[in-house]
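[1] Here you go, sequence then predicted model.
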Amino acid sequence: MDKVQMLLGLSMALFALGLTGVIIRRNLLVMLMCMELMLNGVNLSLVTFAHQLGAAAGAVLVFLVFVVATAEIAIAIPIVLLMVRRKRTLDADAYADLKG
Amino acid sequence: MINSLLSSLDTLLLVVFSICALVGAALMLVLKQPMRVAMALISTMVFLGGIYGLLGVHFIAAFQVLIYVGAVMVFMVYVIMLLDPRDAFTRRYSSLLVPGAIGFALLLGALVIGIWNSLPAATRATGATGFGLAQFAAAFLNEYWLHFELTSVLLVAAVVAALAVIGVSRKPHG
(Lines give C-alpha, C1' and ligand atoms only; values in the text may rest on other atoms or scores of the structure.)
Protein backbone atom coordinates (compact mmCIF):
# COMPACT_ATOMS: atom_id res chain seq x y z
CA MET A 1 0.00 0.00 0.00
CA ASP A 2 1.23 3.40 -0.94
CA LYS A 3 2.13 6.04 1.64
CA VAL A 4 -0.28 8.52 0.13
CA GLN A 5 -3.06 5.97 0.11
CA MET A 6 -2.44 5.12 3.74
CA LEU A 7 -2.51 8.76 4.80
CA LEU A 8 -5.64 9.49 2.79
CA GLY A 9 -7.30 6.43 4.29
CA LEU A 10 -6.33 7.68 7.75
CA SER A 11 -7.73 11.12 7.02
CA MET A 12 -11.01 9.68 5.81
CA ALA A 13 -11.21 7.36 8.81
CA LEU A 14 -10.66 10.36 11.10
CA PHE A 15 -13.36 12.32 9.29
CA ALA A 16 -15.82 9.42 9.45
CA LEU A 17 -15.05 8.81 13.13
CA GLY A 18 -15.60 12.49 13.89
CA LEU A 19 -18.90 12.59 12.03
CA THR A 20 -20.03 9.44 13.80
CA GLY A 21 -19.05 10.96 17.12
CA VAL A 22 -21.10 14.07 16.41
CA ILE A 23 -24.08 11.84 15.63
CA ILE A 24 -23.93 9.22 18.37
CA ARG A 25 -22.53 11.03 21.43
CA ARG A 26 -24.81 13.00 23.73
CA ASN A 27 -22.36 15.29 25.49
CA LEU A 28 -22.16 18.75 23.88
CA LEU A 29 -18.45 19.15 24.59
CA VAL A 30 -17.66 15.72 23.17
CA MET A 31 -19.62 16.64 20.05
CA LEU A 32 -17.52 19.80 19.70
CA MET A 33 -14.34 17.78 20.06
CA CYS A 34 -15.54 15.37 17.39
CA MET A 35 -16.00 18.35 15.07
CA GLU A 36 -12.37 19.24 15.72
CA LEU A 37 -11.48 15.67 14.79
CA MET A 38 -13.27 16.11 11.45
CA LEU A 39 -11.27 19.28 10.77
CA ASN A 40 -8.09 17.38 11.62
CA GLY A 41 -8.94 14.67 9.13
CA VAL A 42 -9.49 17.24 6.39
CA ASN A 43 -6.21 18.92 7.32
CA LEU A 44 -4.35 15.64 6.98
CA SER A 45 -5.73 15.09 3.48
CA LEU A 46 -4.79 18.66 2.51
CA VAL A 47 -1.25 18.22 3.79
CA THR A 48 -0.94 14.87 2.01
CA PHE A 49 -2.02 16.31 -1.31
CA ALA A 50 0.18 19.38 -0.87
CA HIS A 51 3.12 17.11 -0.09
CA GLN A 52 2.41 14.90 -3.06
CA LEU A 53 2.00 17.71 -5.56
CA GLY A 54 4.70 19.93 -4.08
CA ALA A 55 2.29 22.87 -4.09
CA ALA A 56 2.02 25.41 -1.30
CA ALA A 57 -1.68 26.08 -1.85
CA GLY A 58 -2.70 23.12 0.31
CA ALA A 59 -0.59 24.37 3.19
CA VAL A 60 -2.19 27.81 2.88
CA LEU A 61 -5.59 26.18 3.07
CA VAL A 62 -4.48 24.27 6.16
CA PHE A 63 -3.70 27.58 7.83
CA LEU A 64 -7.10 28.93 6.91
CA VAL A 65 -8.67 25.81 8.43
CA PHE A 66 -6.67 26.46 11.61
CA VAL A 67 -8.12 29.95 11.79
CA VAL A 68 -11.64 28.73 11.12
CA ALA A 69 -11.29 26.05 13.81
CA THR A 70 -10.10 28.61 16.32
CA ALA A 71 -12.93 31.00 15.49
CA GLU A 72 -15.44 28.13 15.64
CA ILE A 73 -14.31 27.06 19.08
CA ALA A 74 -14.24 30.66 20.29
CA ILE A 75 -17.90 31.05 19.31
CA ALA A 76 -19.12 27.57 20.21
CA ILE A 77 -17.78 27.50 23.76
CA PRO A 78 -19.68 30.64 24.93
CA ILE A 79 -22.84 29.27 23.30
CA VAL A 80 -22.40 25.96 25.14
CA LEU A 81 -21.78 27.86 28.37
CA LEU A 82 -25.00 29.82 27.90
CA MET A 83 -26.99 26.68 27.15
CA VAL A 84 -25.58 24.91 30.19
CA ARG A 85 -26.33 27.93 32.36
CA ARG A 86 -29.97 27.76 31.31
CA LYS A 87 -30.65 24.01 31.65
CA ARG A 88 -27.82 22.82 33.90
CA THR A 89 -26.94 19.86 31.69
CA LEU A 90 -24.59 19.00 28.85
CA ASP A 91 -26.99 16.46 27.40
CA ALA A 92 -27.81 17.32 23.80
CA ASP A 93 -31.18 15.60 24.10
CA ALA A 94 -32.25 18.14 26.72
CA TYR A 95 -32.10 20.84 24.06
CA ALA A 96 -34.49 19.10 21.69
CA ASP A 97 -36.89 22.01 22.09
CA LEU A 98 -34.45 24.17 20.14
CA LYS A 99 -35.48 22.51 16.90
CA GLY A 100 -38.35 24.93 16.54
CA MET B 1 22.58 1.30 3.56
CA ILE B 2 22.00 4.08 6.06
CA ASN B 3 19.72 5.89 3.63
CA SER B 4 17.54 2.85 3.07
CA LEU B 5 17.47 2.23 6.80
CA LEU B 6 16.40 5.82 7.45
CA SER B 7 13.68 5.69 4.82
CA SER B 8 12.34 2.43 6.19
CA LEU B 9 12.44 3.97 9.66
CA ASP B 10 10.44 6.91 8.31
CA THR B 11 7.85 4.57 6.89
CA LEU B 12 7.71 2.58 10.12
CA LEU B 13 7.22 5.75 12.17
CA LEU B 14 4.54 6.91 9.75
CA VAL B 15 2.63 3.67 10.16
CA VAL B 16 3.01 3.71 13.95
CA PHE B 17 1.86 7.34 14.19
CA SER B 18 -1.10 6.61 11.91
CA ILE B 19 -2.18 3.67 14.02
CA CYS B 20 -1.82 5.70 17.22
CA ALA B 21 -3.84 8.58 15.75
CA LEU B 22 -6.53 6.16 14.65
CA VAL B 23 -6.65 4.51 18.07
CA GLY B 24 -6.96 7.92 19.74
CA ALA B 25 -9.80 8.87 17.43
CA ALA B 26 -11.58 5.58 18.08
CA LEU B 27 -11.16 6.04 21.83
CA MET B 28 -12.94 9.38 21.51
CA LEU B 29 -16.13 7.55 20.61
CA VAL B 30 -15.83 5.02 23.42
CA LEU B 31 -14.59 6.92 26.47
CA LYS B 32 -17.17 8.29 28.85
CA GLN B 33 -15.58 11.22 30.69
CA PRO B 34 -15.18 14.38 28.57
CA MET B 35 -11.72 14.97 30.02
CA ARG B 36 -10.53 11.57 28.80
CA VAL B 37 -12.06 12.28 25.41
CA ALA B 38 -10.09 15.54 25.37
CA MET B 39 -6.89 13.68 26.22
CA ALA B 40 -7.54 11.17 23.41
CA LEU B 41 -8.11 14.06 20.99
CA ILE B 42 -4.90 15.76 22.14
CA SER B 43 -2.93 12.56 21.58
CA THR B 44 -4.47 12.21 18.11
CA MET B 45 -3.48 15.81 17.29
CA VAL B 46 0.07 15.30 18.54
CA PHE B 47 0.45 12.15 16.45
CA LEU B 48 -0.91 14.02 13.44
CA GLY B 49 1.73 16.66 14.12
CA GLY B 50 4.31 13.89 14.06
CA ILE B 51 2.96 12.72 10.71
CA TYR B 52 3.22 16.27 9.34
CA GLY B 53 6.81 16.42 10.57
CA LEU B 54 7.61 13.12 8.88
CA LEU B 55 6.10 14.44 5.64
CA GLY B 56 8.55 17.34 5.76
CA VAL B 57 6.12 20.19 6.45
CA HIS B 58 7.59 21.09 9.81
CA PHE B 59 5.93 24.46 10.14
CA ILE B 60 2.49 22.90 9.87
CA ALA B 61 3.52 20.35 12.50
CA ALA B 62 4.61 23.18 14.79
CA PHE B 63 1.38 25.08 14.23
CA GLN B 64 -0.66 21.93 14.72
CA VAL B 65 0.82 21.57 18.18
CA LEU B 66 0.80 25.29 18.95
CA ILE B 67 -2.67 26.18 17.75
CA TYR B 68 -4.66 23.00 18.16
CA VAL B 69 -3.11 21.54 21.27
CA GLY B 70 -1.84 24.78 22.77
CA ALA B 71 -4.85 26.98 22.16
CA VAL B 72 -7.97 25.11 21.15
CA MET B 73 -7.63 22.06 23.38
CA VAL B 74 -6.42 24.03 26.40
CA PHE B 75 -9.53 26.16 26.00
CA MET B 76 -11.62 23.01 25.79
CA VAL B 77 -9.98 21.50 28.89
CA TYR B 78 -10.65 24.71 30.81
CA VAL B 79 -14.31 24.56 29.87
CA ILE B 80 -14.55 20.90 30.89
CA MET B 81 -13.08 21.76 34.27
CA LEU B 82 -15.34 24.81 34.55
CA LEU B 83 -18.53 22.90 33.83
CA ASP B 84 -17.61 19.86 35.93
CA PRO B 85 -19.84 17.48 34.00
CA ARG B 86 -19.28 14.50 36.29
CA ASP B 87 -22.69 14.80 37.85
CA ALA B 88 -24.43 14.75 34.50
CA PHE B 89 -26.39 12.07 32.69
CA THR B 90 -25.32 8.47 32.74
CA ARG B 91 -25.99 7.35 29.18
CA ARG B 92 -23.12 7.81 26.80
CA TYR B 93 -24.79 7.41 23.42
CA SER B 94 -27.86 8.96 21.92
CA SER B 95 -30.66 6.95 20.38
CA LEU B 96 -28.94 7.37 17.02
CA LEU B 97 -26.24 4.84 17.95
CA VAL B 98 -27.25 2.11 15.51
CA PRO B 99 -28.02 4.41 12.55
CA GLY B 100 -24.82 6.28 13.32
CA ALA B 101 -22.74 3.11 13.30
CA ILE B 102 -24.34 1.96 10.05
CA GLY B 103 -23.77 5.39 8.53
CA PHE B 104 -20.14 5.27 9.70
CA ALA B 105 -19.59 1.93 7.98
CA LEU B 106 -21.28 3.14 4.78
CA LEU B 107 -19.37 6.44 4.74
CA LEU B 108 -16.01 4.80 5.39
CA GLY B 109 -16.69 2.17 2.75
CA ALA B 110 -17.66 4.77 0.18
CA LEU B 111 -14.60 6.90 0.95
CA VAL B 112 -12.18 3.97 0.82
CA ILE B 113 -13.65 2.71 -2.44
CA GLY B 114 -13.30 6.25 -3.77
CA ILE B 115 -9.62 6.26 -2.80
CA TRP B 116 -8.84 2.92 -4.35
CA ASN B 117 -10.57 3.82 -7.59
CA SER B 118 -9.17 7.28 -8.03
CA LEU B 119 -5.66 7.18 -6.66
CA PRO B 120 -3.68 5.36 -9.36
CA ALA B 121 -4.26 8.39 -11.57
CA ALA B 122 -3.20 10.70 -8.79
CA THR B 123 -0.01 8.86 -7.84
CA ARG B 124 1.22 9.11 -11.40
CA ALA B 125 1.27 12.88 -11.09
CA THR B 126 3.85 12.90 -8.32
CA GLY B 127 5.90 16.01 -8.68
CA ALA B 128 8.42 17.64 -6.41
CA THR B 129 8.28 16.20 -2.92
CA GLY B 130 7.85 18.69 -0.15
CA PHE B 131 8.33 22.40 0.05
CA GLY B 132 9.93 24.71 2.54
CA LEU B 133 8.75 27.55 4.66
CA ALA B 134 10.16 30.15 2.23
CA GLN B 135 8.05 28.82 -0.64
CA PHE B 136 5.01 28.66 1.58
CA ALA B 137 5.51 32.18 2.90
CA ALA B 138 5.98 33.61 -0.57
CA ALA B 139 2.82 31.93 -1.81
CA PHE B 140 0.94 32.94 1.33
CA LEU B 141 1.72 36.63 1.20
CA ASN B 142 1.89 37.11 -2.57
CA GLU B 143 -0.95 35.04 -3.98
CA TYR B 144 -3.21 34.53 -0.98
CA TRP B 145 -2.94 37.88 0.80
CA LEU B 146 -6.65 38.54 0.30
CA HIS B 147 -7.55 35.29 2.07
CA PHE B 148 -5.14 36.20 4.84
CA GLU B 149 -6.89 39.54 5.32
CA LEU B 150 -10.29 37.85 5.18
CA THR B 151 -9.27 35.48 7.96
CA SER B 152 -8.25 38.44 10.09
CA VAL B 153 -11.69 39.94 9.47
CA LEU B 154 -13.20 36.59 10.43
CA LEU B 155 -11.21 36.53 13.67
CA VAL B 156 -12.32 40.05 14.56
CA ALA B 157 -15.92 39.08 13.81
CA ALA B 158 -15.52 36.00 16.02
CA VAL B 159 -14.20 38.09 18.90
CA VAL B 160 -17.06 40.58 18.54
CA ALA B 161 -19.59 37.74 18.33
CA ALA B 162 -18.20 36.04 21.42
CA LEU B 163 -18.40 39.32 23.32
CA ALA B 164 -21.95 39.83 22.08
CA VAL B 165 -23.00 36.34 23.18
CA ILE B 166 -21.58 36.83 26.65
CA GLY B 167 -22.97 40.38 26.85
CA VAL B 168 -26.47 39.26 25.99
CA SER B 169 -26.40 36.79 28.85
CA ARG B 170 -25.35 39.43 31.35
CA LYS B 171 -28.10 41.92 30.62
CA PRO B 172 -30.90 40.22 32.61
CA HIS B 173 -28.70 40.05 35.68
CA GLY B 174 -28.04 43.78 35.53
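    Nice, thanks for sending it over.

[2] alpha carbons only for contacts and neighbour counts from here, please
    Will do.

[3] confidence score at the residue nearest the centre of chain B?
    Computing the C-alpha centroid of chain B and ranking residues by C-alpha atoms, centre = their mean puts residue B:45 first, at 5.7 Å. For residue B:45, the pLDDT comes out at 95.

[4] Provide a list of residues in contact with it.
    Shown in contact with residue B:45 (C-alpha atoms under 8 Å, 6 or more residues apart in numbering or on different chains): A:40, B:21, B:64-65, B:68-69.

[5] Let me know the next secondary structure element after the helix or strand containing it.
    In this structure, residue B:45 sits in helix B:34-55 according to DSSP states H and E. Later in the chain than helix B:34-55, the nearest helix or strand by DSSP H and E is helix B:58-63.

[6] for that next one, packing partners?
    helix B:34-55 (3 or more C-alpha pairs under 8 Å, 6 or more residues apart in numbering or on different chains; DSSP states H and E).

[7] try it again with 10 Å
    helix A:57-87, helix B:34-55, helix B:133-142 (3 or more C-alpha pairs under 10 Å, 6 or more residues apart in numbering or on different chains; DSSP states H and E).

[8] For the lowest-mean-pLDDT helix or strand in chain B, enumerate the helices and strands it packs against.
    Ranking every helix and strand in chain B by mean pLDDT, DSSP states H and E puts helix B:97-124 at the bottom, with a mean of 77. Helices and strands touching helix B:97-124, by 3+ C-alpha pairs under 10 Å, 6+ apart, are helix A:3-24, helix A:28-53.

[9] Nearest to residue A:79, out of those?
    helix A:28-53 (10.6 Å; C-alpha to C-alpha).

[10] what is the mean pLDDT for that closest one?
    Mean predicted confidence for helix A:28-53 is 91.

[11] Could you confirm whether any residue of it contacts chain B?
    Yes: remark: helix A:28-53 sits within contact range of chain B at A:28-34, A:36-37, A:40-41, A:43-44, A:47-53, by C-alpha under 10 Å from any C-alpha of the partner chain.

[12] who does that helix touch, helix- and strand-wise?
    Against helix A:28-53 (3+ C-alpha pairs under 10 Å, 6+ apart) you get helix A:3-24, helix A:57-87, helix B:2-30, helix B:34-55, helix B:74-83, helix B:97-124.

[13] distance between that helix and the chain's centre?
    6 Å (C-alpha atoms, centre = their mean, to the nearest Å).

[14] and the angle from that helix to helix B:2-30?
    Helix A:28-53 and helix B:2-30 meet at an angle of 160 degrees, taking axes from the mean of the first three to the mean of the last three C-alpha atoms, to 10 degrees as the criterion.

[15] how far off helix B:74-83 does helix A:28-53 point, in degrees?
    170 degrees.

[16] For chain A, give me the ranges with low pLDDT.
    Residue ranges of chain A with pLDDT under 70: A:1, A:100.

[17] can you tell me how far residue B:105 sits from residue B:111?
    10 Å (C-alpha to C-alpha, to the nearest Å).

[18] what is in contact with those two at once?
    residue A:16 (C-alpha atoms under 10 Å, 6 or more residues apart in numbering or on different chains).

[19] you'd agree residue B:36 is up against residue B:27?
    Yes: with contact defined as C-alpha atoms under 10 Å, residue B:36 counts as touching residue B:27 (8.9 Å).

[20] and residue 25, how many residues sit next to it?
    All of this is about chain A. Using other C-alpha atoms under 10 Å in any protein chain shown, residue A:25 is surrounded by 26 other residues.

[21] right idea, wrong chain: chain B
    Residue B:25: 26 neighbours (other C-alpha under 10 Å).

[22] residue contacts, it?
    A:13-15, A:17-18, A:21, A:34, A:37, B:19, B:37, B:40-45.

[23] Out of the helices and strands packed on helix A:28-53, the one nearest residue B:139 is which?
    Using C-alpha to C-alpha, the nearest of the helices and strands packed on helix A:28-53 to residue B:139 is helix A:57-87, at 7.4 Å.

[24] just checking, what packs against that closest one?
    helix A:28-53, helix B:58-63, helix B:74-83, helix B:133-142, helix B:145-170.

[25] I'm done for today, thanks for sticking with me.
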